[in-house]
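Trainee: Everything below, folded, please.
(one chain, ligands or ions: 1)
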Amino acid sequence: MKIVIETPRLILREILPEDDKGIFELDSDPEVHTYLGKRPITSVQQAKDAIAFIRKQYVENGIGRWAVIEKESGAFVGWSGLKLMKELTNNHINYYDLGYRFIKKHWGKGYATETARATVDYAFNKMALSGIYGMAEAGNARSRHVLEKVGLRHEGQFMYDGVLHDWFKISKM
Ligand SMILES: CC(C)(COP(=O)(O)OP(=O)(O)OC[C@H]1O[C@@H](n2cnc3c(N)ncnc32)[C@H](O)[C@@H]1OP(=O)(O)O)[C@@H](O)C(=O)NCCC(=O)NCCS
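Mentor: Predicted coordinates for the structure are as follows:
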């Protein structure tokens, strides 16, 4: 098991096939999917497919979202981190997107903020990127708040999948 980042309370490591039950708990919850297109999954097979999709990105792109593990309990609590975006999005392509998604019972503990901050540091200091981006559905106030708290600036709005989204960026100082 490769640990990529360690924060005071959390470990970020590669998503593994055995995270399927955790991903199912995460992605079958309609509330988690409120601002993600409202298409929660309905089977563990879909969770396995999602894991395979992310693990393929590790091989092809050298990076993908990481599993977040609570140190105290050893529990899978969600995912966070960077994704190389290879499809044209808001007129950008081949850029790194900061994202996160947590099982509902773990919301409000500051985990999104803790992992996003550590990811920004990793992007600039380990990967030597010059900038990273973030996006969130316009109603997703929690996510917007996290992106802004860790230093991303709101740069405008755009339509994605027929829904208004906010667009954010942080550049290396
Ligand atoms: C968005 C999400 C990742 C936030 O995770 P989290 O671990 O609860 O976030 P944090 O605890 O680090 O921070 C949440 C912040 O939003 C604030 N917040 C909570 N509810 C809010 C609301 N309704 N409106 C605005 N801000 C809100 C909290 O007070 C906190 O800020 P603070 O630390 O300054 O008090 C989580 O809710 C989630 O997984 N949502 C579903 C998936 C998703 O939407 N992902 C983002 C896609 S762009």
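Trainee: which residues touch residue 164?
Mentor: Residues counted as contacts of residue 164 (C-beta atoms under 8 Å, 6 or more residues apart in numbering) are 137-138, 157-158. From N, CA and C alone the C-beta is placed, and that goes for glycine too.
Trainee: Quote the end-to-end distance of stretch 32-47.
Mentor: This stretch, stretch 32-47, spans 14 Å end to end (C-alpha to C-alpha, to the nearest Å).
Trainee: Contacts (any at all) between the ligand and that stretch?
Mentor: Yes - taking C-beta under 6 Å from any ligand atom as the criterion, stretch 32-47 and the ligand are in contact, through 32, 35-36.
Trainee: before we move on, the earlier item: in ChimeraX, how would I select just the buried ones from the contacts of residue 164?
Mentor: Only the buried members of those enter the following ChimeraX selection, criterion being 16 or more other C-beta atoms under 10 Å:
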select :137
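Trainee: all helices for this protein, in order.
Mentor: If you assign secondary structure with DSSP state H, the helices in the chain sit at 20-27, 44-61, 111-125, 141-149.
Trainee: got JSON lines for those helices, with mean neighbour count and mean pLDDT too?
Mentor: Formatted as JSON lines, these follow (neighbours: other C-beta atoms under 10 Å; pLDDT from 0 to 100):
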{"stretch": "helix 20-27", "mean neighbour count": "20", "mean pLDDT": "98"}
{"stretch": "helix 44-61", "mean neighbour count": "15", "mean pLDDT": "98"}
{"stretch": "helix 111-125", "mean neighbour count": "20", "mean pLDDT": "98"}
{"stretch": "helix 141-149", "mean neighbour count": "18", "mean pLDDT": "98"}
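Trainee: Ok, which of the ones you listed comes nearest residue 11?
Mentor: Each of the helices of the chain has some distance to residue 11 by C-beta to C-beta; the shortest is helix 111-125, at 10.0 Å.
Trainee: Packing partners of the closest one?
Mentor: If you count contacts as 3 or more C-beta pairs under 8 Å, 6 or more residues apart in numbering; DSSP states H and E, helix 111-125 packs onto strand 3-6, strand 10-14, strand 76-85, strand 95-102, helix 141-149.
Trainee: List the buried residues for the first one?
Mentor: Just to be clear, that refers to strand 3-6. Buried residues in strand 3-6, defined by neighbour count with 16+ other C-beta under 10 Å: 4-5.
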